[in-house]
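# pasting the structure only:
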């Protein structure tokens with residue numbers, strides 16, 4: 001929001017519950033209008049929390065329950081800004097959030113100015129290798145709900161949201177492929193992730209004999225932190241270096257037992273959950289990010305690590321498969337889970353034993369992140385989309401085209 005407001009005249013309409021967070025972070029040049037739909041939204045949010053079993057689980061259930069919340073919000077926005085839209089006070093309506101494809105936008109149909117939706121990032125299937133992990137991560141209720149998605153997608157306004165929008169920003173191929181065929185000509189591949197360069201940046205790193213490998217994420221089954229700890233446990237080479245695991249969750253006791261059983265206390269640290277600023281500092285002090293997560297739509301931690309000058313070793317599925325290529329990191333092809341720890345072991349060993357290669361890959365990753373994923377770069381791409389839907393630019397924007 002703040003970055004787009006630096007390159008366009010922006011009015012943001014948002015739910016009143018976001019007021020405190022926006023005012024704490026700052027709104028920049030944007031004008032913000034708060035709409036109160038809590039009478040509808042709050043009960044649905046509470047019901048979703050109860051059904052999901054906690055705030056970190058069951059997002060599909062929450063997305064479906066909030067269908068009515070999104071209808072209420074957008075209808076209130078239409079009443080608040082309808083006259084201004086008809087007068088021509090605005091050039092474009094951009095439905096920026098939510099990022100899932102189950103949120104209806106009634107304004108897409110009949111909007112008096114071009115309507116843009118996204119960036120969306122949704123509909124990534126679980127990889128075939130992860131059946132057991134998926135069963136641990138996804139509740140029986142959510143699996144049941146997922147079976148009803150074809151019916152849910154026929155709810156009013158959902159299809160029109162994408163077939164009537166002049167532009168759809170969709171992150172990564174898994175989202176693009178899931179959208180209606182009629183919408184494909186208007187889709188711009190525009191990943192939803194980005195980073196704040198004031199928090200995540202790459203200072204010069206002096207050569208050091210003992211490298212630091214960072215693992216960042218919730219300690220839950222899908223993130224697979226155990227993979228990296230087992231990689232270190234199996235390697236005399238990696239034991240001479242340092243692994244720092246950032247995050248917390250139900251897998252922590254198992255990791256603590258694994259560290260104790262293999263005598264890893266001198267080289268593996270579990271530091272718990274950290275603030276964004278603290279993670280940024282830890283990334284500046286590390287050399288490598290190990291990211292074995294099996295099901296990542298976008299992977300903000302990966303792009304933040306790239307921006308911090310780290311080499312990333314990732315499970316190449318979903319968002320990480322686009323972010324990390326052999327030219328700027330080490331993507332581990334999807335493999336059976338018993339072989340994953342060995343694959344990470346070999347990749348990490350290859351990096352700590354070849355500092356020159358590590359620095360080369362880190363520099364390439366940093367340049368890629370700075371070119372495409374700063375909020376400022378993404379704001380400029382958003383303005384290209386606005387110009388395209390307004391007929392001021394002939395060709396459809398290409399997210400991957402460098403600015404000239």
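That came through, no problem. Here the structure is a predicted model, which means the values were calculated and not measured.
# Most distant residue from the centre of the chain?
Distance from the centre of the chain peaks at residue 87, with 36.6 Å (C-alpha atoms, centre = their mean).
# Return the residues in contact with that residue.
If you count contacts by C-beta atoms under 8 Å, 6 or more residues apart in numbering, residue 87 has none. In short, each C-beta sits where N, CA and C put it, glycine included.
# show me where pLDDT drops low in the stretch 151-300 of the chain?
Within the stretch 151-300 of the chain, not a single segment meets pLDDT under 70.
# show me where it has helices.
Ranges of helices in the stretch 151-300 of the chain, per DSSP state H, counting those that start in this stretch, are 158-163, 172-176, 225-233, 236-239, 252-261, 276-284, 300-307.
# Give me the angle between the fifth one and helix 225-233.
Counting by axes from the mean of the first three to the mean of the last three C-alpha atoms, to 10 degrees, helix 252-261 lies at 10 degrees to helix 225-233.
# Tell me how many other residues surround the residue nearest to residue 218 when sequence neighbours are not counted.
Of all residues not flanking residue 218 in the chain, residue 249 sits nearest, at 4.6 Å (C-beta to C-beta, 6 or more residues apart in numbering). Counted with other C-beta atoms under 10 Å, the neighbours of residue 249 add up to 15.
# and residue 249, what does it touch?
By C-beta under 8 Å, 6+ apart, the contact list for residue 249 reads 56, 218, 219, 220, 223.
# With neighbour count added, can I get those residues in CSV?
Compiled in CSV, the contacts of residue 249 are given as follows (neighbours: other C-beta atoms under 10 Å):
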residue, neighbour count
56, 11
218, 17
219, 23
220, 20
223, 25
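# Okay, the residue nearest the centre of the chain and residue 320: tell me how far apart.
For the chain, residue 298 is the residue whose C-alpha lies nearest the centre (C-alpha atoms, centre = their mean; 3.5 Å). To residue 320, residue 298 is 9 Å away according to C-beta to C-beta, to the nearest Å.
# now residue 305
For residue 305 relative to residue 320 (C-beta to C-beta), the value is 11 Å.
# again with residue 179
For residue 179, the distance to residue 320 equals 21 Å [C-beta to C-beta].
# Which one's more surrounded, the two?
Taking neighbours as other C-beta under 10 Å, residue 179 and residue 320 compare with residue 320 leading, 26 against 21.
# Pull the contacting residues for the more buried one.
Counting by C-beta under 8 Å, 6+ apart, residue 320 touches 291, 293, 296, 299, 302, 312, 314, 331.
# Could I get the contacting residues of the fourth one?
When the contact criterion is C-beta under 8 Å, 6+ apart, the partners of residue 299 are 193, 291, 293, 314, 318, 319, 320, 323.
# wait, the last one sits on residue 302?
Yes: the pair residue 323 and residue 302 qualifies as a contact (C-beta atoms under 8 Å) at a distance of 5.1 Å.
# of those two, who's got more company?
Higher neighbour count among residue 323 and residue 302: residue 323, with 29 against 26, using other C-beta under 10 Å.
# What segments of the stretch 251-400 of the chain are strands?
Taking DSSP state E, counting those that start in this stretch, the strands of the stretch 251-400 of the chain run over residues 268-272, 288-291, 311-315, 330-332.
# how about low-confidence regions in the stretch 1-150 of the chain?
For the stretch 1-150 of the chain (pLDDT under 70), the answer is 53-59, 131, 134-146.
# All the helices of it, in order from the start?
2-5, 19-25, 38-52, 59-65, 67-87, 131-137, 140-147, 149-152.
# Residue 242 pairs with what?
Note on residue 242: beta-bridge partners by DSSP bridges are residue 212.
# mind listing what it touches?
Neighbour list for residue 242: 210, 211, 212, 213, 267, 268, 269 [criterion: C-beta under 8 Å, 6+ apart].
# Using JSON lines, please lay out the residues you listed together with neighbour count and distance to residue 285.
Output for the contacts of residue 242, formatted as JSON lines (neighbours: other C-beta atoms under 10 Å; distance: C-beta to C-beta, whole Å):
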{"residue": "210", "neighbour count": "10", "distance to residue 285": "12"}
{"residue": "211", "neighbour count": "22", "distance to residue 285": "11"}
{"residue": "212", "neighbour count": "18", "distance to residue 285": "7"}
{"residue": "213", "neighbour count": "27", "distance to residue 285": "12"}
{"residue": "267", "neighbour count": "19", "distance to residue 285": "16"}
{"residue": "268", "neighbour count": "24", "distance to residue 285": "16"}
{"residue": "269", "neighbour count": "15", "distance to residue 285": "12"}
